[in-house]
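> Any chance you could fold what I've pasted below:
(4 chains)
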2 protein chains.
Amino acid sequence: MIKKFIDEESGKIIEQKVMNAITIDCAIFGFEQGKLEVLLIQHAEGISKGKWGLPGGWIKEDESIDNAAHRLLKELTGISDLYLEQLKAFGDPNRFPLGRVITIGYYALIKKEDYDVKAGFTASDAKWYKIEDTPNLIYDHNEILKYSLAHLRNKVRTAPIGFNLLPEKFTLYQLMQLYQEILGVELDKPNFRRKILKMKLLVDLKEKQQDVSHRAAKLYKFDPEIYTKLAKKGFNFEM
Amino acid sequence: MIKKFIDEESGKIIEQKVMNAITIDCAIFGFEQGKLEVLLIQHAEGISKGKWGLPGGWIKEDESIDNAAHRLLKELTGISDLYLEQLKAFGDPNRFPLGRVITIGYYALIKKEDYDVKAGFTASDAKWYKIEDTPNLIYDHNEILKYSLAHLRNKVRTAPIGFNLLPEKFTLYQLMQLYQEILGVELDKPNFRRKILKMKLLVDLKEKQQDVSHRAAKLYKFDPEIYTKLAKKGFNFEM
DNA sequence: ATATCTTATAGTTAATTTGACTACAATACT
DNA sequence: AGTATTGTAGTCAAATTAACTATAAGATAT
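Alright, predicted model coming up:
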């Protein structure tokens, strides 16, 4: 983080902290067995050795911020088509102990069925944590994660991004559990069904669950075309 | 944007673009006579001379991003208590012609009654434009403004931030016009009254407008305490 | 094979909210 | 006195919501 510069006024060589170094940090969310989870990385070296944090990395000089985020996530998870959105920049001057580094926060939603931990890290380096079980994180990553969650909670109320956390084929109950978990509310099954089906956003796949120890539920998928139409008018996922 | 460095491998002096320089750009919104406006700055020198853009500036090495944004807005408008929120970072490698500069976009809502243009710039440097009359802007400022507007339109649907654009004391009709303008819809007066009053978010000031050429309307103010209570539960300003 | 458990799905109903209205009041301007 | 503009109150049918009950379809246990 220390670089040698030529001071433009005196002409002398000076050592100085590099200003405005920029990184990306990303909260990756998954959903399994009714619980929202986040993927954390254990740092292997340096002053943060052994501590957990959000995955992240440096932005290259010639790539856009979004491209950098996609590249980092691809390196880590092996997935290139996931839901990825920038949150905002975090830039407290003391957020990083070795110098001023501004980080750009992202959050991603992935279908856990697509994810293969081996693509990036070993199992001991990367681990899914249930949201309520997350350990204390390095730097300001607690803040970034908290902000991600608040953003996610808010965003699911006006856009159907929650689908990105479910498998391609899902049941209405799974979808309801997802909303219950993210919004922190209890929902009524019959009412939820009625409301979500009336939106015409789901396609009935005429298929049923397999190998479940109870009455099998119908499977649905999300219809992106109808979503696009609805999204233009501005719509409301309030549950 | 060009700085002299010492190359750490060869020891030679090299000139290089400064990587990852960071600025702030801010879309400042105002509201007058039923129209949403944005404050633009005309550049006085350099390659952008004569062109209009969003106000902005550099982040100092020892200040947080939010503090930098507040400082810049105070310098420009003389106002220190306004609604200011970070949008996100914009970082296309080619967004700025002289080198890589990442900018952090903000948007602000101000009560135009509080604003005095002389505090910052002269009248020819800074000008309020109605949203539909904005000229073509420098760099990627068109994109930043567009993103600001989309964010504003979205945010007013779930939080009562619109109040920050109105004077302390306002009428229900002014508030309705604000929503009509921002959301781009036509609203029904009686229905709007009923809905907004039922939220109990407005305090009846038992005062009336003065000097208007029609029946004077009651004045209201916004009650931040009740808002805080409502905001916790998550509420809905859908109109 | 019968009972029991779990989850799925259908339907009922009262209360509330919405959207589209009509009507009228107050004030200023011509 | 009449007209224009904005403010405020109220009506009513339609749509939506919240809180339910009831039943169906399996799987598992006894």
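> Let me see the contact set for residue A:227.
A:160, A:201 (Cβ atoms under 8 Å, 6 or more residues apart in numbering or on different chains). Placement of C-beta: from N, CA and C, glycine included.
> tell me which residues in the helix or strand in which it is found are buried?
Element membership of residue A:227, judged by DSSP states H and E, is helix A:224-233. Under the neighbour-count criterion of 16 or more other Cβ atoms under 10 Å in any protein chain shown, helix A:224-233 has A:227, A:230 buried.
> does DNA strand C sit close to that helix?
No - on the criterion Cβ under 7 Å from any atom of the strand, helix A:224-233 is out of touch with DNA strand C, staying 11.8 Å away.
> what angle do the longest strand anywhere in chain A and strand B:21-32 make?
For chain A, the strand that runs over the most residues, judged by DSSP state E, is strand A:21-32. Angle, strand A:21-32 to strand B:21-32, by axes from the mean of the first three to the mean of the last three Cα atoms, to 10 degrees: 70 degrees.
> What is strand A:21-32 packed up against?
strand A:35-42, strand A:56-58, helix A:65-77, strand A:101-109, helix A:141-155 (3 or more Cβ pairs under 8 Å, 6 or more residues apart in numbering or on different chains; DSSP states H and E).
> Indicate which one of these is closest to DNA strand D.
Counting by Cβ to the nearest atom of the strand, DNA strand D lies closest to helix A:141-155 out of the helices and strands packed on strand A:21-32; the figure is 17.3 Å.
> Mind listing residues that contact the closest one?
Here helix A:141-155 has contacts from A:25, A:27, A:29, A:38, A:53-54, A:87-88, A:90, A:103, A:105, A:107, A:109, A:131, A:134, A:136-137, A:161, A:182-184, B:158, B:234, using Cβ under 8 Å, 6+ apart.
> got the CA positions of it in PDB?
Backbone C-alpha positions of helix A:141-155 (Å, rounded to 0.1, in the frame of the first residue of the first chain) are rendered in PDB as follows:
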ATOM      1  CA  HIS A 141     -17.800  -6.300   6.500                       C
ATOM      2  CA  ASN A 142     -20.400  -6.500   9.300                       C
ATOM      3  CA  GLU A 143     -21.700  -3.200   8.100                       C
ATOM      4  CA  ILE A 144     -21.600  -4.200   4.500                       C
ATOM      5  CA  LEU A 145     -23.500  -7.400   5.200                       C
ATOM      6  CA  LYS A 146     -26.100  -5.600   7.300                       C
ATOM      7  CA  TYR A 147     -26.600  -3.100   4.500                       C
ATOM      8  CA  SER A 148     -26.900  -6.000   2.000                       C
ATOM      9  CA  LEU A 149     -29.600  -7.600   4.100                       C
ATOM     10  CA  ALA A 150     -31.600  -4.400   4.500                       C
ATOM     11  CA  HIS A 151     -31.300  -3.800   0.800                       C
ATOM     12  CA  LEU A 152     -32.500  -7.300   0.000                       C
ATOM     13  CA  ARG A 153     -35.400  -7.000   2.400                       C
ATOM     14  CA  ASN A 154     -36.400  -3.800   0.800                       C
ATOM     15  CA  LYS A 155     -36.000  -4.900  -2.800                       C
END
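> Follow the chain on from it and name the next helix or strand.
helix A:172-183.
> Pull stretch A:43-51 out as PDB, backbone CA atoms only.
Presented in PDB, the C-alpha positions along stretch A:43-51 are these (Å, rounded to 0.1, in the frame of the first residue of the first chain):
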ATOM      1  CA  HIS A  43      -8.500 -15.400   5.200                       C
ATOM      2  CA  ALA A  44      -5.400 -17.600   5.000                       C
ATOM      3  CA  GLU A  45      -2.600 -15.100   5.600                       C
ATOM      4  CA  GLY A  46      -1.800 -11.600   6.600                       C
ATOM      5  CA  ILE A  47      -3.100  -9.700   9.600                       C
ATOM      6  CA  SER A  48      -6.500 -11.100   9.200                       C
ATOM      7  CA  LYS A  49      -5.400 -14.800   9.200                       C
ATOM      8  CA  GLY A  50      -8.100 -17.100  10.400                       C
ATOM      9  CA  LYS A  51     -10.800 -14.400  10.400                       C
END
